[in-house]
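Peer 1: Just a sequence and a predicted model for now, questions to come.
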Amino acid sequence: METEADPGKRLKVAIIGGGLVGSLSACYFAKRSQNVDLYEYREDIRASKHVRGRSINLSLSARGIRALKEVGLDDQLVNHHGIPMKGRMIHNLNGSQRPILYDPRSLQCIYSVSRRYLNEVLLTAIEKNFNVNLHFSHRLISANLQEGSMTFQLTDTNETVHKKADLIIGADGAFSTVRRHFMKQPMFNFSQTYIEHGYVELCMPPGQDGEFAMKPNYLHVWPRGNFMMIALPNQDRSWTITLFMPLSDFEALDSPTRLLKFFSQHFPDSIPLIGKHQLVTDFFSTKPSTLLSIKCSPYHVGGSALIIGDAAHAMVPFYGQGMNAGFEDCRLLDQLILKYEDMPVALKEFSAVRNRDAEAICDLAMYNYLEMRDLVNRRSFLLRKKVDNLLFWLLPNIWVPLYLSVTFTDIGYRECMENKFWQDKVIRQAVLALGVLATAMCAVGFFQWCKASFDVDAEVSNPVQTA
Ligand code: FAD
Ligand code: EGU
């Protein structure tokens with residue numbers, strides 16, 4: 001790192017993207033007294049009325065909270081703003097609801113936070129540092145990753161400006177421009193997968209009494225196989241509902257009548273709570289958004305460029321981990337730069353360590369998507385869940401269910417996945433052993449029965465002999 005050769009000189013870091021991950025990363029670099037320039041394509045969201053973009057609120061869990069804590073923002077964001085969710089509330093088709101706690105001892109919970117508020121608090125925290133400059137309405141259009149040179153287009157005036165930095169951090173989301181420049185690097189691997197499902201967001205307003213229309217402090221879920229809704233609470237006592245379904249099914253719902261019929265078939269209990277008028281308005285006001293998963297490697301170019309967050313590992317949202325994983329990226333990066341004091345070495349290590357874990361959570365999220373779509377209603381799947389919970393209850397330190405290690409620990413995602421493989425193997429062998437045992441017992445029983453009936457037969461058919 002340059003600070004080593006010349007302790008007086010600070011590193012010049014350019015962060016591309018002032019979303020959740022870019023702005024947290026800026027906080028970390030500011031904390032280490034580096035010179036930071038953050039470039040964001042949108043205008044300052046703190047000044048704008050409406051912010052276009054994805055998901056209004058998100059679930060924040062242990063990994064994200066830990067990263068926020070290291071920059072001193074956990075108290076404001078989690079304790080004062082976040083709405084605790086201690087479990088899921090499952091809505092059945094007949095309108096009945098069933099809570100399932102995340103932590104049966106009720107110690108741990110996740111939090112619903114507003115994306116916009118989170119982003120605003122992070123931006124304001126950055127501005128408190130004299131060594132950080134925010135540049136809004138700056139869209140990166142090209143970059144030379146080795147030389148650290150960048151070209152931006154100013155979105156208000158259309159003029160282009162050129163900048164230089166020692167280190168470029170690409171935190172510009174799933175459709176990253178920085179990553180596009182990685183594509184030309186030799187040995188850079190990339191893959192993306194769109195899933196069949198898309199989503200729309202709906203709003204469930206507070207009830208007549210001004211209170212939450214559904215039981216607060218839960219993540220509400222309407223699992224319906226190929227369709228699903230999820231609701232997270234907002235500060236203003238409304239709920240943001242996300243409806244997931246295949247894009248072709250969205251297309252088929254092309255009139256208010258068809259929409260209301262669909263809802264009364266699949267989510268009848270939600271209609272009076274959302275309100276027919278609101279439902280129709282929200283549903284038809286936006287096109288459904290698509291969902292994709294992105295894997296690539298490596299995440300760095302020498303000691304001069306790195307991609308983090310969705311730019312490096314976008315995932316489908318079915319584990320509630322995208323932002324949490326991106327926040328964990330920031331913490332790991334900070335840790336490695338401190339440890340090695342040598343940028344090329346730290347970035348190389350980041351790529352190696354993070355790639356394994358990021359690809360694991362991308363896979364887990366995708367697997368969960370397939371599982372929910374295909375398995376939720378299958379009996380063997382429900383039985384497996386019961387067995388999992390029973391074993392967790394019996395062996396809380398040994399048998400930790402996958403969602404618990406993902407959501408409430410910072411065990412590497414890859415290790416969580418391997419732990420699950422191990423559990424699957426144990427269960428498979430137990431089922432096999434039980435099967436063998438049951439077969440053996442049947443065989444013994446059958447043998448005994450044959451023997452018994454042979455004896456009886458002998459008695460009946462040869463009365464004289466026995467007598
Ligand atoms: P982004 O949030 O996409 O930010 C990228 C920023 O870069 C944007 O501000 C953009 O304007 C800017 N930018 C882009 N291109 C340029 C350019 N060329 N020049 C300058 N700036 C640029 N995660 C969770 O942890 N929990 C959840 O509950 C959860 N729910 C989700 C629900 C849905 C429906 C979806 C789609 C995602 C969900 N996620 C969740 C994932 C989460 O939204 C993302 O992982 C997270 O937003 C990634 O942050 P980011 O900063 O990497 O990218
Ligand atoms: C999807 C969209 C419940 C916010 C996965 C659980 C999600 C979130 C679950 C979205 C589900 C699904 C988990 C959390 C969370 C559950 C989890 C998914 C938040 C396995 C704003 N998922 N999500 N699993 O266990 O571990 O509650 O949009 F419906 S939080 Cl899909 Cl813990």
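Peer 2: The structure has been received and is ready for your questions. Ligands and ions are numbered 1, 2, ... in the order given.
Peer 1: Might you report the residue contacts of the residue of the stretch 51-200 of the chain found nearest ligand 1?
Peer 2: Nearest residue of the stretch 51-200 of the chain to ligand 1, counting by C-beta to the nearest ligand atom: Gly173, 2.8 Å away. Placement of C-beta: from N, CA and C, glycine included. Listed by C-beta atoms under 8 Å, 6 or more residues apart in numbering, the contact partners of Gly173 are 17, 19, 309-311, 314.
Peer 1: Tell me the secondary structure of it, please.
Peer 2: Here Gly173 is coil, with the state taken from DSSP: H, G, I helix; E, B strand; the rest coil.
Peer 1: Nearest spatial neighbour of it, chain-adjacent residues omitted?
Peer 2: Asp310 (4.8 Å; C-beta to C-beta, 6 or more residues apart in numbering).
Peer 1: My guess is the one you found contacts Ala174. True?
Peer 2: Yes. Shown here, Asp310 and Ala174 form a contact pair, counting by C-beta atoms under 8 Å, at 4.5 Å.
Peer 1: Does stretch 308-326 reach ligand 1?
Peer 2: Yes. Using C-beta under 6 Å from any ligand atom, we find that stretch 308-326 touches ligand 1 at 309-311, 317, 320-324, 326.
Peer 1: what's the average pLDDT for that stretch?
Peer 2: Averaging pLDDT along stretch 308-326 gives 98.
Peer 1: And for stretch 74-90?
Peer 2: 94.
Peer 1: List the residues that contact Asp310.
Peer 2: 19, 21, 173-174, 176, 294, 322, 326.
Peer 1: Apply 7 Å and report the result again.
Peer 2: Counting by C-beta atoms under 7 Å, 6 or more residues apart in numbering, Asp310 touches 173-174, 322, 326.
Peer 1: from those residues, which single one is nearest Ser114?
Peer 2: Gly322 (15.7 Å; C-beta to C-beta).
Peer 1: where does the residue nearest to that closest one when sequence neighbours are not counted fall, helix, sheet strand or coil?
Peer 2: Once flanking residues are discounted, Gly322 sits nearest to Met315: 5.4 Å by C-beta to C-beta, 6+ apart. Following three-state DSSP, we place Met315 in the coil state.
Peer 1: Met315 contacts Ser293, correct?
Peer 2: Yes. Met315 is in contact with Ser293 according to C-beta atoms under 7 Å; the separation is 5.4 Å.
Peer 1: who touches both of those two?
Peer 2: With C-beta under 7 Å, 6+ apart as the test, Met315 and Ser293 both reach Cys362.
Peer 1: higher neighbour count, the two?
Peer 2: Neighbours of Met315 and Ser293, each counted by other C-beta atoms under 10 Å, are more numerous for Met315; the result is 26 against 20.
Peer 1: Backbone dihedrals for that one, please?
Peer 2: Dihedral angles of Met315 (phi, psi; degrees, to the nearest 10) stand at phi -140, psi 160.
Peer 1: Can you tell me the number of residues neighbouring Ser25?
Peer 2: Using other C-beta under 10 Å, Ser25 has 32 neighbouring residues.
Peer 1: Okay, and the closest residue to it other than its chain neighbours sits in which element?
Peer 2: Take Ser25 and drop its neighbours on the chain: the residue closest to it by C-beta to C-beta, 6+ apart is Cys330, 4.7 Å away. Per DSSP states H and E, Cys330 falls inside helix 322-340.
Peer 1: Next: Asn368.
Peer 2: Going by DSSP H and E, Asn368 is part of helix 343-375.
Peer 1: in that helix, what counts as buried?
Peer 2: 343, 346-351, 353-355, 357-369, 372-373 (16 or more other C-beta atoms under 10 Å).
Peer 1: That one - contacts with which helices or strands?
Peer 2: Where contact means 3 or more C-beta pairs under 7 Å, 6 or more residues apart in numbering; DSSP states H and E, helix 343-375 is packed against strand 289-297, strand 300-301, helix 310-313, helix 322-340, helix 413-461.
Peer 1: Please parse this structure into its domains.
Peer 2: For the chain, automatic domain parsing gives the domain ranges 12-84+110-192+293-369, 194-289, 381-455.
Peer 1: if we look at the sheet, which residues does Thr242 bridge to?
Peer 2: For Thr242, the beta-bridge partners are Glu201, Ile230 (DSSP bridges).
Peer 1: For this structure, list the residues in contact with ligand 2, please.
Peer 2: 55, 58-59, 88, 110, 219, 221, 230, 232, 242, 317-320, 368, 372, 403, 407.
Peer 1: Spell out which helix or strand contains the residue lying closest to Met229 once chain neighbours are set aside, please.
Peer 2: Closest residue in space to Met229, ignoring its immediate chain neighbours: Trp222 at 4.1 Å, by C-beta to C-beta, 6+ apart. For Trp222, the element it lies in under DSSP H and E is strand 219-224.
Peer 1: That strand - contacts with which helices or strands?
Peer 2: strand 87-91, strand 227-233.
Peer 1: what sits against the closest residue to ligand 2 within the chain?
Peer 2: Per C-beta to the nearest ligand atom, Gly320 is where the chain lies closest to ligand 2, at 2.8 Å. Gly320 is in contact with 59, 61, counting by C-beta under 7 Å, 6+ apart.
Peer 1: doesn't it fall inside a strand?
Peer 2: No. Looking at Gly320 with three-state DSSP, it is coil, so not inside a strand.
Peer 1: where does the residue nearest to Ser25 land on pLDDT?
Peer 2: Here the pLDDT value assigned to Cys330 is 98.
Peer 1: Next: Arg378.
Peer 2: pLDDT recorded at Arg378 is 64.
Peer 1: now the one 3 residues further on
Peer 2: Reading off the confidence values, Phe381 has pLDDT 66.
Peer 1: Also Pro256?
Peer 2: Note on Pro256: pLDDT of 97.
Peer 1: Leaving aside the residues adjacent along the chain, what's closest to it?
Peer 2: Per C-beta to C-beta, 6+ apart, closest to Pro256 is Val280, 4.6 Å.
Peer 1: and what of Asn368?
Peer 2: Closest to Asn368 by C-beta to C-beta, 6+ apart is Phe318, at 4.4 Å.
Peer 1: what sits opposite Ala305 in the beta ladder?
Peer 2: The partner residues for Ala305, given DSSP bridges, come to Ile168, Val301.
Peer 1: Now do the contacts for it.
Peer 2: 145, 168, 170.
Peer 1: can you pull the contacts of the first one?
Peer 2: Read that as Leu145. With contact set as C-beta under 7 Å, 6+ apart, Leu145 has these partners: 168, 181, 301, 304-305.
Peer 1: go again using 8 Å as the cut-off
Peer 2: By C-beta under 8 Å, 6+ apart, the contact set of Leu145 is 168, 178, 181-182, 185, 301-302, 304-305.
Peer 1: and stretch 212-227, how far apart are its ends?
Peer 2: One end of stretch 212-227 sits 24 Å from the other (C-alpha to C-alpha, to the nearest Å).
Peer 1: Count the residues that sit near the closest residue to Phe267 other than its chain neighbours.
Peer 2: Leaving out its chain neighbours, the residue that sits closest to Phe267 by C-beta to C-beta, 6+ apart is Trp222, at 5.4 Å. Using other C-beta under 10 Å, Trp222 has 21 other residues around it.
Peer 1: residues in contact with Trp222?
Peer 2: Residues in contact with Trp222 (C-beta under 8 Å, 6+ apart) are 90-91, 228-230, 266-267, 270.
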